[in-house]
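> coords below, sequence missing:
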């Protein structure tokens, strides 16, 4: 599917899971999307769980959901850092409010839990360890490689990346 003209934000913070940023980032770019990394501080370098660097091209202050078609949240320990920023949570909530792609893999569901009640009544999956967090936020949790509920795409772990990437591309391609 062609994503030419689509613009996607990829959230980044300390302790991200390497494959859960780089595989979707390059797959979306391969499909023609412009993918921009975003973190608390523009220009800051965030290390992965293994120390692999990722530079945030923009900060949460620099971006608006109005200017992008979707947002992807990686797993690892990064979501616990990302959700500490009110602007990050508000940004994810705004993408959801605008019915644009919100994609979360593994522990990234923590950010969705913190994004202003967006999970109430939604179907999701995640790494099994945060199942209770997801259900306490109002979601119906399923053990599946990918769950698509409208604009929300969720997956459990790196092994699910092929299904996660396909679902993200399908949701983006359908958006006007």
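That came through, no problem. Small disclaimer: the values here were computed from a predicted structure and weren't measured.
> all strands of this structure, in order?
For the chain, the strands defined by DSSP state E occupy 7-11, 34-39, 45-47, 53-55, 58-59, 70-73, 101-105, 123-124, 140-141, 146-149, 152-155.
> Which residue is the nearest non-sequential neighbour of residue 165?
residue 27 (4.5 Å; C-beta to C-beta, 6 or more residues apart in numbering). Any C-beta I mention is one placed from the backbone N, CA and C, and that applies to glycine too.
> any idea which of the strands of the chain is most buried?
With neighbours defined as mean count of other C-beta atoms under 10 Å, the strands of the chain peak in mean count at strand 101-105, which reaches a mean of 30.
> Can you tell me what sits against it?
Here strand 101-105 makes contact (C-beta atoms under 8 Å, 6 or more residues apart in numbering) with 8, 20, 24, 69-75, 79, 92, 95-96, 111-112, 118, 124, 126, 151-158, 160-161, 164, 167-168, 171-172, 175.
> got it, and stretch 127-140?
Stretch 127-140 has contacts (C-beta under 8 Å, 6+ apart) with 75, 106-107, 109-110, 112-113, 117, 119-124, 126, 141, 143, 156-157.
> With that, I have no additional questions.
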